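Undergrad: Sharing a sequence plus its predicted fold:
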Amino acid sequence: MLKKNTYIIILTLCMISLISAAQQPSVYQVKRMPFSSGPYSEIAPVIVDNGVVFCSDRRTTGIKSRKTFEDKRLYNLFIVGQKDSSSWTKPEEIKSERSFYFNSGPLCFSPGGTTVYFTSEVETGKVTRKKNYENHSGIFIADVAGTTLSSVRPFPYNSSQYEVGHPSVSSDGKYLFFASDMPGGYGRSDIYYCEWINGQWSTPVNAGSAVNTAAAENYPFMHPSGRLYFSSDRPGGRGRLDVWYSMLTLGAWDAPSVLPEPINSSSDDFAFVADENLQTGFFASNRVSSDDIFRFASTIIRKSSCDTL
């Protein structure tokens, strides 16, 4: 009888523990942003002063949609300003010489915000109009003046043979992270980085097997804290495409950890960015319908200093 009662007590404690764990509040709260268009896609948010820059294939006029020569919708860059805690300005397009015939984004800004790195097609000549021509993506660099990009120039490691894109420059400007399926990688797409040395970007280096797998790793974001966030469809996540992060410790990347719900879900979650304190940020997800931009806020309040009790 005593042994039976012991089993009952243990089983009851286990059930209480499971219920308690299920009722624990999430570390994050997420909200779909009002500047997400609904039927079109919004991806790759970037935090700027009092606003957000993002990519979207939305219509820019009510008359005609911008499409590639293959009749695919074009992604262009837009910026929105934050009015208050819940309202935003109307999205305004950021234009360049590539806006009408080629994709623009994902992107990042250099420290200071005067230079932008963005993803676009490598080839721009007549060959791109040929049927079934496969135009690969590369990184392009441009000067920023208001909502205009000028002096567009190519990243030196672009190629017409493979993809290069999703740039992220570190907060000190010394490193450029990006995704590529260039030969010699571990999977369908890997994270690479270059170092700024003597006024130019060094030869790309693969981030290694701790970060990269046989799956696809994309959308790197190098946070000022030293965390490298990226998206991957590797096993062990919560959905198809999830947000992971790793830290560089003693010259080696730690085994990546997957972010918890509700940032990750059973849908595709990607293109994560965060403020300096990791209290708020944005990411893209198709958990509602098309790709939309969501804002997250930490439920854990962190303070740099506390009053004496």
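TA: Cool, got the structure. Residues are numbered from 1 along each chain as shown.
Undergrad: Touching stretch 235-246 from outside, list them.
TA: Residues outside stretch 235-246 that contact it (C-beta atoms under 8 Å, 6 or more residues apart in numbering) are 210-211, 215, 227-234, 253-259, 261, 263-270, 272, 283. The way it works is simple: take the backbone N, C-alpha and C, and place the C-beta from them, glycine included.
Undergrad: Grab the CA positions of it and hand them over as PDB.
TA: Extracted in PDB, the C-alpha atoms of stretch 235-246 (Å, rounded to 0.1, in the frame of the first residue of the first chain):
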ATOM      1  CA  PRO A 235      16.600  19.800 -37.300                       C
ATOM      2  CA  GLY A 236      15.800  20.700 -33.700                       C
ATOM      3  CA  GLY A 237      13.900  23.800 -34.300                       C
ATOM      4  CA  ARG A 238      10.200  24.600 -33.600                       C
ATOM      5  CA  GLY A 239       9.100  25.000 -37.200                       C
ATOM      6  CA  ARG A 240      10.400  24.900 -40.700                       C
ATOM      7  CA  LEU A 241      12.700  28.000 -40.600                       C
ATOM      8  CA  ASP A 242      13.700  29.100 -37.100                       C
ATOM      9  CA  VAL A 243      15.900  31.800 -35.500                       C
ATOM     10  CA  TRP A 244      19.100  30.500 -33.900                       C
ATOM     11  CA  TYR A 245      22.100  32.200 -32.200                       C
ATOM     12  CA  SER A 246      25.700  31.500 -31.300                       C
END
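Undergrad: on that earlier part again, got a ChimeraX select line for the buried ones in the contacts of stretch 235-246?
TA: Remark: buried members of the contacts of stretch 235-246, expressed as a ChimeraX selection using 16 or more other C-beta atoms under 10 Å:
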select :211,215,227,228,229,230,231,232,233,234,253,256,258,259,263,264,265,268,269,270,272,283
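Undergrad: Would you confirm that Asp49 contacts Gln82?
TA: No - here Asp49 lies out of contact with Gln82, judged by C-beta atoms under 8 Å, at a distance of 9.8 Å.
Undergrad: In terms of neighbours, single out the busier of these two.
TA: Of the pair Asp49 and Gln82, Gln82 is the one with more neighbours under other C-beta atoms under 10 Å, namely 13 against 7.
Undergrad: can you tell me which residues contact that one?
TA: So, once contact is read as C-beta under 8 Å, 6+ apart, Gln82 ends up touching 50-52, 88-89.
Undergrad: so it bridges to which residues?
TA: Listed by DSSP bridges, the beta-bridge partners for Gln82 are Trp88.
Undergrad: Let's verify Arg295: helix, strand, or coil?
TA: Assigned by DSSP: H, G, I helix; E, B strand; the rest coil, the conformation of Arg295 is strand.
Undergrad: Who does it form a beta bridge with?
TA: Going by DSSP bridges, Arg295 forms beta bridges with Lys31, Phe282.
Undergrad: ok, it touching Met33?
TA: Yes - counting by C-beta under 8 Å, Arg295 does reach Met33; the two are 5.7 Å apart.
Undergrad: can you list residues touching both of those two?
TA: Joint contacts of Arg295 and Met33 (C-beta under 8 Å, 6+ apart) are Phe282.
Undergrad: ok, back up a step: of the contacts of Gln82, just say which sits nearest to Ser120.
TA: Nearest to Ser120 among the contacts of Gln82 is Val52, at 20.1 Å by C-beta to C-beta.
Undergrad: Remind me which helix or strand the closest one belongs to.
TA: strand 51-56 (DSSP states H and E).
Undergrad: what's the neighbour count on Ser180?
TA: Residues within reach of Ser180, counting by other C-beta under 10 Å, total 27.
Undergrad: Wait, it touches Asp190, no?
TA: Yes - in this structure, Ser180 is within contact of Asp190 by C-beta under 8 Å, at 6.5 Å.
Undergrad: give the contact list for Asn286.
TA: 267-268, 292.
Undergrad: Now stretch 183-192: buried residues?
TA: Neighbour-count burial for stretch 183-192, counted by 16+ other C-beta under 10 Å, picks out 185-187, 189-192.
Undergrad: who's the closest residue in space to Trp201 that isn't next to it in sequence bridged to?
TA: In space, and not counting its chain neighbours, Trp201 is closest to Cys194: 4.1 Å by C-beta to C-beta, 6 or more residues apart in numbering. With DSSP bridges as the criterion, Cys194 is bridged to Leu176.
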